[in-house]
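Q: sequence? don't have it. structure:
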C-alpha cells in the first residue's frame, strides 16, 4: 500500500508516520523541509510501478497533513514571529533555508506591526494619552499671552457686522434665486471646505470681496448659496477672513484676516 | 545693569514677546548669564504669587510666556477672546502617537490606530499642533508628520522630553526612538500636569 519510506534528520519511517509525528509535536515542523520530503516521495511513487489509487491517495493525505502542520508551525504565535504567515504558504515549493530568508525580508516591514503589538500590549500609549488628556483640560484654563499679531484673532466678532446682518444679506441674495428644481439627478456634492478654498483664493486675488460677489456664479442654486454662506461663517470662525460694513446698510465687505490663521488659545 | 532694572526689562520682554522667549535670548540681549535670567524670572514668579497677581510666567516650548491663572478661566472665557475646544479622544491618541514616534507617516499612524486618520490629522494640522516635516525615503515618498511648538504650548510642555514618560520596555523596542531612560527634567521645566500646582496655590 502506501508505504513510502521517508528519511529526514532525526526521523525515518513512512510519510504518514512523519506527518503524525509532526502533528503530535514530536518533531519540529520547522526543521523539516517539506519540499525535500515530497520530492523524495514523488521519486518513490514514480519508481514503484503500478502506482495504485490507494498509494496516491494516501500520499496526498499525508502530504497535506504535513503542509498544514508546517504552515501552523510557521504562523505567528509570538509578535516577533509575525512574519511567519507569508513564509508558510509558499513553503511547499521552497526549502527550509528559503523560509529563513523570506522571514528576514519581511521582518523589516513587519517591524512596525510587531512594534504595535508591543505598544498595545504594554498599554503605554493609553497612559500617555490619559496624561495628555489631563494636560489638555488643565491648560485649557490658562490663556497664554500670545502669538496673535496685532489686529487679528480677537478682532472677532466681525467689525460692525453681526450675524443678523449677514443673514439679512443672505436673504436678499436668496430672493433673487429660484427654488431649486428637484429632478431625478442627484445634486452635486457641495463641499463647504471647497467653497472656503474658493473664497480664500478669490480673496487672495482681489484683496477684498463684496458680499454679493460671493454668489455671482452663472447658475447659482439655493443650496450652493447656503454652502458658500456656511463657508464664509466658517472662515470667520477660523479667523481666516473678516467681514466689515463701512456704513449702515452699506455693502458688506469680506477681507482676508491680517496675518492669516492663528492657532492660538 | 541694576538688578531691579534687569528684572523690569525681562518682565517687559516676556510680556511683549509673541512666542515663548528663552533665557538665552534674553541673556544675550541684556548681556547677562542665562542662568541669571532664570533666577530673575523665578523672582518675578514669586513676586506675582506673593502679590496674588492675575498673571503668571510659565515655561512652555522652551521659553517663558505670560499666562493667566487657571482659577480665572471662567472670567476670561466671558471676554470672548475665544476658548479652545478640548481635543477629541481620537485626536489625542493620534497626536500622542505622532509626538512619541515622530516623524511618522499617515499610513503608519493608520496601522497603529487601526482606523483612518485623515479627518483627525486635518484637525490637528488646522489647530497647528502637527505639521508635515518632510518625506519618507520610501515608495511614494509619503509625507512625514511631526509636532509643532504649538503642540508643546497646548499641553504646557517645556519640550518633547517633557512628554509623559513611557514604560522602559517600550523605549527599547526597535524603531521606538524615545530616550525615556535618558530623559531628564530640566529644573526650569517645572510645569506639572496642572498649571495650578504652581503659583496660584500659594499667594
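A: Done, it's in. Not measured: the values here are computed from a predicted model.

Q: Now that residue A:41 has come up, it's in contact with residue A:59, right?
A: Yes - look at residue A:41 against residue A:59 with Cβ atoms under 8 Å: they come within range, at 5.9 Å. (C-beta placed from N, C-alpha, C; glycine too.)

Q: Could you chop the chain up by domain?
A: Unless you meant another one, I'm taking chain A. What automatic domain parsing lists as the domains of chain A is A:5-122, A:163-256.

Q: Chain B was what I was after
A: Following automatic domain parsing, one finds the domains of chain B at B:3-80+B:188-197, B:89-155.

Q: Compare the mean pLDDT across the domains of chain A and name the weakest.
A: Across these, domain A:5-122 has the smallest mean pLDDT, namely a mean of 62.

Q: Pull out the buried residues from stretch B:39-59.
A: By neighbour count, with 16 or more other Cβ atoms under 10 Å in any protein chain shown as the criterion, the buried positions of stretch B:39-59 are B:40-41, B:44-45, B:48-49, B:55-59.

Q: Pick out the residue of chain B closest to chain A.
A: Closest to chain A within chain B is residue B:128: 2.8 Å, counting by Cβ to the nearest Cβ.

Q: Surely that residue is in contact with residue B:147?
A: No - counting by Cβ under 8 Å, residue B:128 stays clear of residue B:147, with 10.0 Å between them.

Q: More neighbours: those two, which one.
A: residue B:147 (24 against 18; other Cβ atoms under 10 Å in any protein chain shown).

Q: pLDDT below threshold where in chain B?
A: B:80-82, B:167-203 (pLDDT under 70).

Q: for it, longest helix please?
A: Across chain B, the longest stretch assigned as helix under DSSP state H is helix B:34-50.

Q: Just want the phi and psi numbers for residue A:254.
A: phi -110, psi 130 (degrees, to the nearest 10).

Q: now swap in residue B:23 and tell me
A: Main-chain dihedrals, residue B:23, degrees, to the nearest 10: phi -70, psi -30.

Q: now residue B:58
A: phi -110, psi 160.

Q: and the gap between the nearest residue to it once chain neighbours are set aside and residue B:112?
A: Spatial nearest neighbour of residue B:58, chain neighbours left out: residue B:67 (4.8 Å); criterion: Cβ to Cβ, 6 or more residues apart in numbering or on different chains. In this view, residue B:67 and residue B:112 are 33 Å apart by Cβ to Cβ, to the nearest Å.

Q: How about residue B:120?
A: As judged by Cβ to Cβ, residue B:120 and residue B:112 stand 12 Å apart.

Q: now the residue of chain B most remote from its centre: how far from residue B:109?
A: Relative to the mean C-alpha coordinate of chain B, counting by Cα atoms, centre = their mean, the farthest residue is residue B:139 (33.5 Å). Between residue B:139 and residue B:109 the computed distance is 17 Å (Cβ to Cβ).

Q: could you list every residue that touches the nearest residue to residue B:63 once chain neighbours are set aside?
A: Leaving aside its sequence neighbours, residue B:63 sits nearest to residue B:20 (Cβ to Cβ, 6+ apart; 2.9 Å). By Cβ atoms under 8 Å, 6 or more residues apart in numbering or on different chains, the residues touching residue B:20 are B:59-65, B:149, B:153.

Q: could you list every residue that touches the most centrally placed residue in chain B?
A: Closest residue to the average C-alpha location of chain B: residue B:152 at 2.2 Å, with Cα atoms, centre = their mean. Residues near residue B:152 by Cβ under 8 Å, 6+ apart: B:60-62, B:158-160, B:162.

Q: Same list, those, but only the ones touching chain A.
A: Filtering the contacts of residue B:152 for neighbours of chain A using Cβ under 8 Å from any Cβ of the partner chain leaves residue B:60.

Q: Now render the contacts of residue B:152 as a markdown table, adding neighbour count and secondary structure.
A: Shown next, in a markdown table, are those (neighbours: other Cβ atoms under 10 Å in any protein chain shown; DSSP: H, G, I helix; E, B strand; the rest coil):
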| residue | neighbour count | secondary structure |
| --- | --- | --- |
| B:60 | 27 | strand |
| B:61 | 24 | coil |
| B:62 | 21 | coil |
| B:158 | 20 | coil |
| B:159 | 16 | coil |
| B:160 | 18 | helix |
| B:162 | 21 | helix |
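
Q: Give me the buried positions along stretch B:146-157.
A: B:146-157.

Q: Pull up the distance across that stretch, start to finish.
A: Stretch B:146-157 stretches 15 Å from its first residue to its last (Cα to Cα, to the nearest Å).

Q: centre of the chain versus that stretch, how much separation?
A: Relative to its parent chain, stretch B:146-157 has a centroid offset of 4 Å by Cα atoms, centre = their mean, to the nearest Å.

Q: Next, count neighbours for residue A:257.
A: Residue A:257: 21 neighbours (other Cβ under 10 Å).

Q: Run a quick neighbour tally on residue A:170.
A: Applying other Cβ under 10 Å, we find 19 residues neighbouring residue A:170.

Q: so it touches residue A:225, yeah?
A: Yes - between residue A:170 and residue A:225 there is a contact at 7.2 Å, judged by Cβ under 8 Å.

Q: so does stretch B:26-35 get close to chain A?
A: No - applying Cβ under 8 Å from any Cβ, one finds stretch B:26-35 separated from chain A by no less than 15.7 Å.

Q: Return the set of buried residues in the helix or strand that residue A:165 is a member of.
A: Using DSSP states H and E, residue A:165 falls within helix A:163-175. Buried residues in helix A:163-175, counted by 16+ other Cβ under 10 Å: A:165-166, A:169-170, A:173.

Q: Now do the strands in the chain.
A: Looking at chain A here, since you left the chain open. With DSSP state E applied, chain A shows strands at A:5-8, A:11-14, A:209-210, A:241-245, A:252-256, listed in chain order.

Q: that's the other chain; I wanted chain B
A: Applying DSSP E to chain B gives strands spanning B:55-60, B:63-68, B:104-105, B:130-135, B:143-147.

Q: how far out from the middle of the chain is the last one?
A: Which is strand B:143-147. From the chain centre to the centre of strand B:143-147 is a distance of 17 Å (Cα atoms, centre = their mean).

Q: Ok, the shortest one next?
A: For strand B:104-105, the distance between its averaged C-alpha position and the chain's averaged C-alpha position is 21 Å (Cα atoms, centre = their mean).

Q: The first one too?
A: Strand B:55-60 sits 11 Å away from the centroid of its parent chain (Cα atoms, centre = their mean).

Q: Mind giving me the packing neighbours of that strand?
A: helix B:34-50, strand B:63-68 (3 or more Cβ pairs under 8 Å, 6 or more residues apart in numbering or on different chains; DSSP states H and E).

Q: now those as TSV including distance to residue A:134?
A: Shown next, in TSV, are those (distance: least, Cβ to Cβ, whole Å):
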stretch	distance to residue A:134
helix B:34-50	23
strand B:63-68	18
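
Q: That's all I had, so thanks and see you.
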